[in-house]
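**Q** output the structure for:
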Amino acid sequence: MSSNKKLLNLSAASAVLVAAAAAALNPAASGAVSASTGAAPLSGPPVSVHFDLAKGQTPENIALAPGGDAYVTFAAGRQVAKVSRDGTTRILATLPKPADGGMHTPVLGFALTVGIVRAHDGTLYFLYATGTADLTGVWRLRPGGEPERIAALPANGLPNGLALDARTRMLYVTDSVLGTVWRVRTTGGTPTSWSTAPELASTGFLGANGLKIHKGAVWATNLDKGTILHIPIRPDGRAGRVRTEATGLQGIDDFAFTGRGDQLLATLNGTNQVALVQPDGRHSIVLTPADGLQNPTSIAVRGDTVHVTSAAYLTGKDPNLLRVHLKR
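**A** Got it, this is the predicted structure:
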């Protein structure tokens, strides 16, 4: 695809996102107001790695390696890339383009690589949404290997967030359109519907989104409802009762725990912000457009470093990866 055509496709997708985000970011929808929680936990000027929008390098999700390297999915480019500590970016895989070009991908209308996680052996698992039955699902990339689909997911859904439970070797997937959390083994196979709780459903755009495994539970965000959800994993593996941990986070996308109990950092896509969310649900804004955010899509924490990706879906400029210090 030419750069001009790719930009046109991205612009069209952005127009959809702008219209839908306007509703998703309406404060009246949640009835909650952001509250201050004290001094910001982040310090030092952010360090940025800049990507090429014309090449579809819109970073959607991120996974970290122990040495400081990061693995990202470039949504519009249908790619998985490695971003080294020095900022060097190397494309590891480009996913096959669907026969219809991705135009039937639910809500968005373009094929995109989405959530990504890294296993201890370096294997990458990631999601691909195309609106077609032959490509939509969970994919795997072993070190030095080629990408392969290991589990099919419904073509009428939008797999989005991905989390790995290393203890049980299970992958959990949020579907933002079907309002479902799927579960599938790392060896692949047929996914099972783990939870379809009403708290996961969308109100018109995207519902269940970001996803993490934390303290024996699945934690997920709902973009439309501006919420963070907690779903216990029962001893028999089934989903427990959903509990809403935080509200009023309009346009919430991804999140990461800071290492201080249930405290977490969350990306607010449409408002170009990162929020610090306390265990009692109160939150404050700790990063803004002034720090370089361009529609932040995902966040990861390793040690004292916070990594935030911005896909620039709505701003249309400077997709990037920010690194900032986390005060302990």
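**Q** all helices of the protein, in order?
**A** Secondary structure of the chain (DSSP state H): helices at 3-24.
**Q** so where's it uncertain?
**A** 1-40 (pLDDT under 70).
**Q** which residues sit against the biggest strand by length in it?
**A** Assignment by DSSP state E gives strand 42-50 as the longest strand of the chain. The contact list for strand 42-50 (C-beta atoms under 8 Å, 6 or more residues apart in numbering) reads 83, 87, 89, 286-287, 291-292, 306, 318-327. (C-beta placed from N, C-alpha, C; glycine too.)
**Q** ChimeraX command to pick out the buried ones of those residues?
**A** The buried residues among the contacts of strand 42-50 can be selected in ChimeraX (16 or more other C-beta atoms under 10 Å) with this line:
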select :83,89,286,287,291,292,306,319,320,321,322,323,324,325,326
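**Q** among the contacts of strand 42-50, which lie within strands?
**A** Those of the contacts of strand 42-50 lying in strands (DSSP E): 83, 89, 286, 287, 306, 320, 321, 322, 323, 324, 325, 326.
**Q** between all of those residues, which two are separated the most?
**A** 89 and 286 (26.1 Å; C-beta to C-beta).
**Q** residue 72 and residue 59 touch, don't they?
**A** Yes - contact criterion C-beta atoms under 8 Å: residue 72 and residue 59 qualify, at 4.4 Å.
**Q** who has more neighbours, those two?
**A** Of the pair residue 72 and residue 59, residue 72 is the one with more neighbours under other C-beta atoms under 10 Å, namely 31 against 28.
**Q** show me what the more buried one is bridged to.
**A** residue 62, residue 81 (DSSP bridges).
**Q** and it, what does it touch?
**A** With C-beta under 8 Å, 6+ apart, residue 72 has these contacts: 59, 60, 61, 62, 63, 80, 81, 83, 116, 309, 321.
**Q** columns distance to residue 134 on top of these, output as TSV?
**A** Output for those, formatted as TSV (distance: C-beta to C-beta, whole Å):
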residue	distance to residue 134
59	26
60	21
61	22
62	27
63	25
80	19
81	24
83	30
116	21
309	28
321	31
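**Q** biggest separation within those, which pair?
**A** 80 and 321 (14.3 Å).
**Q** OK, contacts around residue 129?
**A** 105, 106, 108, 111, 112, 114, 136, 157, 158, 159, 160.
**Q** which of the residues you listed lies closest to residue 67?
**A** For those, the nearest to residue 67 is residue 114 (24.5 Å; C-beta to C-beta).
**Q** the nearest residue to the closest one once chain neighbours are set aside pairs with what?
**A** Nearest residue to residue 114 in three dimensions, chain neighbours excluded: residue 127, at 4.2 Å (C-beta to C-beta, 6 or more residues apart in numbering). Beta-bridge partners recorded for residue 127 (DSSP bridges): residue 138.
**Q** tell me which residues touch residue 127, please.
**A** Contacts of residue 127 by C-beta under 8 Å, 6+ apart are 73, 113-116, 137-139, 153, 159-160, 162, 173.
**Q** how close does it get to residue 293?
**A** 23 Å (C-beta to C-beta, to the nearest Å).
**Q** what about residue 121, how many residues nearby?
**A** By the other C-beta under 10 Å criterion, the neighbourhood of residue 121 contains 7 residues.
**Q** cool, the one 10 residues further on as well?
**A** Neighbouring residues of residue 131 were enumerated by other C-beta under 10 Å; the total is 23.
**Q** output stretch 42-54 in CSV with nothing but the alpha carbons.
**A** What follows is stretch 42-54, C-alpha atoms only, in CSV (Å, rounded to 0.1, in the frame of the first residue of the first chain):
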residue,chain,number,x,y,z
LEU,A,42,6.4,10.7,37.9
SER,A,43,9.5,12.8,37.6
GLY,A,44,12.1,14.0,35.1
PRO,A,45,11.5,15.0,31.5
PRO,A,46,9.9,12.3,29.3
VAL,A,47,12.2,10.6,26.8
SER,A,48,10.5,10.1,23.5
VAL,A,49,10.9,7.6,20.6
HIS,A,50,9.1,8.9,17.5
PHE,A,51,7.4,6.7,14.9
ASP,A,52,6.4,7.2,11.3
LEU,A,53,2.7,7.9,10.8
ALA,A,54,3.0,7.6,7.0
